[in-house]
Structures are given as C-alpha cells and as structure tokens.
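Undergrad: Just the structure for this:
(one chain, ligands or ions: 1)
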Amino acid sequence: MNQLSPLRQFLPCDPHHFPPILPRDYTFSTMAFPINRLRRLRRTEALRSFVRETRLTPAGFVYPLFICPGEGIRKPVGSMPGVFNLSVDEAVKECREVHSLGIPSIVLFGLPETKDEIATGAWAEDGIVQQAARAIKAAIPSLLIMGDVCLCEYMSHGHCGIVEHVNSPNPETEYEIVNDASLELLAKTAVSQARAGVDIIAPSDMMDGRIEALRTALDGSGFENIPIMSYAAKFASGFYGPFREAADSTPSFGDRRSYQMDPANAREAMREIELDLQEGADMIMVKPALSYLDIIAEARIRFDVPLGAYQVSGEYAMIKAAAQNGWIDHDRVMLESLLSIQRAGASIILTYFAKEAAKLLAKHC
Ligand code: PBG
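TA: Here you go, the predicted structure:
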C-alpha cells in the first residue's frame with residue numbers, strides 16, 4: 001500500500017467514483033463542437049444548481065475554540081480576525097450560537113495557566129479543556145465535542161512531546177522529541193478528556209503509535225465507545241503560524257519537522273493514514289487543507305472511512321487579510337475554499353469560518 005495507487009492516474013476526476021468508470025485514454029471529444037456546448041448547462045442559476053456536483057453544507061463543520069483561564073474573557077487573536085481566546089463561560093455562550101447555526105461540532109484547544117516539561121495542564125482532571133468540556137456538555141448536550149490531544153500548548157518548550165537534550169555534534173539532533181514516553185502523556189490526556197465529556201478524541205501530535213496507545217488507554221478506562229479522529233496526515237506547515245499565536249504554542253527552539261510530515265510527501269501520507277487505521281482510528285484527517293487537496297482526494301479514493309480536513313489558521317488569515325485590503329471578495333472566497341475542500345473528498349471540515357459560512361449558507365437555501 002505504500003505505492004501510489006494506480007487509480008491516481010485518473011485524477012483529476014470525481015474522486016467519489018470508485019472504481020473509475022472511464023479508461024484513462026477515454027476522451028469526451030468524440031462528438032466535438034458544435035454538438036457539444038458545455039455552456040448550455042451554465043446559462044441560468046436554475047440550470048447551474050440543477051447540475052451542481054457538490055453542495056456545501058455546515059453538516060460536517062467543526063468550529064475550533066481556544067479556551068483560556070478566567071471569567072468573562074474574550075481576547076481577540078491579532079492574526080485571526082473574528083477568533084478569540086475565550087474563558088469557559090464565554091465558550092459556553094459561543095457554543096450556544098454555534099449550535100443554533102446548525103454546526104454539529106466544536107474542537108477544543110487549551111491555554112493553560114502554567115506550562116511545564118510534562119504537560120501537566122493537558123491531562124489534569126481540572127485542566128482548562130476538561131473544564132470547558134464539562135461546562136459545554138452540561139449546557140448543550142447534543143453538540144459534539146472534539147478534543148485536540150496534543151502536548152505543545154502545555155509544554156514550557158512548546159513541542160508536541162517530551163524533550164530530551166542529547167550531546168550531539170549535529171545541532172539538528174541536540175534534542176530529541178521522545179516518542180514512546182510521550183505516548184503515556186497523550187494517553188492520559190485522552191482519558192481525562194473522555195472523562196470530562198469529550199465525544200471524539202482527536203490526536204494531533206504525530207508521535208508514532210499514538211492511536212494504538214490512545215485506543216488501549218480509552219478501552220482500559222471504559223471508553224471503548226469513544227471514537228478517535230486521527231490527524232493522520234499532518235504536515236509540517238508554515239500555515240500554522242497564526243494558530244501558534246492563538247494557542248501560545250510556538251516551539252522555543254527548533255521546529256516540528258522531526259515529527260510532522262514533509263510537505264513534499266504524498267505516498268508517505270497514505271502510509272500514515274493506513275497505519276493509523278490499523279491502530280484503530282475511526283476517522284482520519286488531512287491538515288492543512290487547501291495546499292493538500294491532492295492528499296484529500298487520494299485518501300478519499302483509498303480509505304472507506306469518514307475523512308476530514310483542517311482549513312488551518314494561515315489559510316483563514318490569508319483570506320481575511322486579502323479581503324480586508326479589498327483584494328478579494330471575502331464571502332465568495334470563503335465559500336469557494338470550503339467547497340473545494342469538500343469537492344476534493346472531505347466531508348468533515350474543521351474551519352474558523354464555520355459560523356460565518358453557516359450563516360451565509362442558511363441565507364442562500
Ligand atoms: C497542535 C495543533 C496545531 C494545530 C492544530 N493542533 C499546531 C501545530 O501543530 O503547530 C494547527 C491548527 C491551525 O493552524 O489552525 N499540535
């Protein structure tokens with residue numbers, strides 16, 4: 001399975017058609033112009049809507065929230081207009097709105113009071129995400145709460161795992177993100193989130209073997225019915241910049257390239273997904289979205305599980321910034337970007353645009 005599927009040669013085509021219905025050398029032009037005029041079906045909105053292949057709906061939207069300590073806090077994130085750090089009480093209010101807009105799910109990130117080298121805030125029973133999950137579950141029981149499971153927001157050094165410093169002549173290997181020891185902390189985090197009412201566990205750390213570790217820990221604690229949505233193909237991306245401001249999680253040294261994926265690798269992405277599924281992931285995710293539509297399309301063809309994509313902070317910030325400058329039409333580009341992610345094959349979309357897009361879609365329907 002670690003080779004590109006032979007089906008890939010059929011792309012671009014509708015990735016929902018499996019097996020492909022046309023041979024590779026098929027051409028649509030056997031009866032060419034003037035018999036064929038594709039513009040016939042584009043003349044009116046009624047016709048265009050009639051033949052539309054993809055319909056964007058909020059039914060698969062997930063709205064990310066950044067939870068901070070305190071009360072009555074709604075602190076804007078500079079690089080992400082419209083996104084805030086919210087205290088638990090404000091997050092509950094936000095969730096009521098999210099729910100009323102027909103958005104089925106949120107994903108929680110936490111800004112802990114203090115950070116250390118074992119990410120205590122990630123797995124503490126009264127951690128910030130755990131507090132938020134309890135409050136949100138009590139207020140809006142049918143809203144699906146997804147918990148991002150990672151350590152970076154809770155580590156003083158900002159890495160996604162435990163760091164060990166080693167003597168090395170090569171500056172690249174002067175420190176190591178220790179894989180197996182980190183799994184224990186991640187597993188504790190997942191269990192504490194499940195205990196707090198999180199409905200879906202979403203690990204984003206990219207340690208090897210994390211899905212198995214989380215599945216085993218969840219099952220061992222009586223949470224065999226809590227599904228895992230794995231950030232299976234998560235790339236080391238420059239598009240995470242604004243998130244690190246929002247979640248205060250920039251690594252204090254080095255970068256994440258020794259655990260997140262090389263943006264050049266599509267085959268390896270398929271291996272990552274396959275391994276996560278073997279380890280027990282129920283759903284998979286590709287992240288970021290817009291620069292990785294090929295990965296989404298290929299994953300849709302290969303794997304028959306629910307597929308998500310994360311339209312990340314930098315994708316959001318770019319659209320906001322260009323629109324603020326008057327260079328693009330905000331609403332149009334927002335919907336086009338989301339539509340393209342859905343068209344590529346993702347039925348679940350994590351997006352900071354969830355509320356705005358849901359409002360707009362409701363108006364048009
Ligand atoms: C935590 C995590 C990150 C994002 C989601 N979970 C940051 C990172 O990996 O650096 C990024 C989301 C975004 O940019 O919107 N590991």
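
Undergrad: Going by contacts, tell me the helices and strands next to the helix or strand hosting Glu94.
TA: When elements are defined using DSSP states H and E, Glu94 is found to belong to helix 88-100. Applying 3 or more CB pairs under 8 Å, 6 or more residues apart in numbering; DSSP states H and E, we find helix 88-100 packed against strand 61-67, helix 128-139, helix 354-364. C-betas here are computed from N, CA, C, even on glycine.

Undergrad: Give me the next element, helix or strand, following that helix.
TA: Moving toward the C-terminus from helix 88-100, the first helix or strand encountered (DSSP H and E) is strand 105-110.

Undergrad: any idea where the strands of the stretch 151-300 of the chain begin and end?
TA: If you assign secondary structure with DSSP state E, counting those that start in this stretch, the strands in the stretch 151-300 of the chain sit at 162-165, 175-178, 200-203, 229-234, 283-287.

Undergrad: Turn these into CSV, columns for mean pLDDT and distance to Ser79.
TA: Conversion of the strands of the stretch 151-300 of the chain to CSV gives the following (pLDDT from 0 to 100; distance: least, CB to CB, whole Å):
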stretch, mean pLDDT, distance to Ser79
strand 162-165, 94, 26
strand 175-178, 93, 26
strand 200-203, 98, 23
strand 229-234, 98, 20
strand 283-287, 98, 18
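
Undergrad: possible to save the helices and strands packed on helix 88-100 as CSV with mean pLDDT and mean neighbour count?
TA: Below are these laid out as CSV (pLDDT from 0 to 100; neighbours: other CB atoms under 10 Å):
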stretch, mean pLDDT, mean neighbour count
strand 61-67, 98, 24
helix 128-139, 98, 22
helix 354-364, 95, 16
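
Undergrad: Now do the SS call for the spatially most central residue of the chain.
TA: By CA atoms, centre = their mean, the mean C-alpha position of the chain lies nearest to Tyr310, the distance being 3.1 Å. The local conformation at Tyr310, judged by DSSP: H, G, I helix; E, B strand; the rest coil, is strand.

Undergrad: And the pLDDT at it?
TA: What the model reports for Tyr310 is a pLDDT of 98.

Undergrad: For the ligand, see how far away the nearest residue to it once chain neighbours are set aside is.
TA: In space, and not counting its chain neighbours, Tyr310 is closest to Lys287: 3.8 Å by CB to CB, 6 or more residues apart in numbering. In this structure, Lys287 and the ligand are 7 Å apart, going by CB to the nearest ligand atom, to the nearest Å.

Undergrad: Tell me how far Lys287 lies from Glu53.
TA: 25 Å (CB to CB, to the nearest Å).

Undergrad: cool, Pro81 as well?
TA: Taking CB to CB as the measure, Pro81 and Glu53 are separated by 32 Å.

Undergrad: neighbour-wise, which of the two wins?
TA: For Pro81 against Glu53, the residue with the higher neighbour count under other CB atoms under 10 Å is Pro81, and the figures read 14 against 7.

Undergrad: isn't the more buried one right up against Ala323?
TA: No. Taking contacts as CB atoms under 8 Å, Pro81 lies outside contact range of Ala323: 9.2 Å.

Undergrad: Low-confidence bits of the chain, can you list those?
TA: By pLDDT under 70, the weakly predicted segments of the chain are 1-30, 365.

Undergrad: And the residue of the stretch 51-200 of the chain closest to the ligand?
TA: Each residue of the stretch 51-200 of the chain has a distance to the ligand, by CB to the nearest ligand atom, and the smallest belongs to Cys150, at 3.9 Å.

Undergrad: show me the residues around that residue that make contact.
TA: With contact set as CB atoms under 8 Å, 6 or more residues apart in numbering, Cys150 has these partners: Ala122, Cys160, Leu186, Pro203, Ser204, Asp205.

Undergrad: go again using 7 Å as the cut-off
TA: Cys150 makes contact with Cys160, Ser204, Asp205, according to CB atoms under 7 Å, 6 or more residues apart in numbering.
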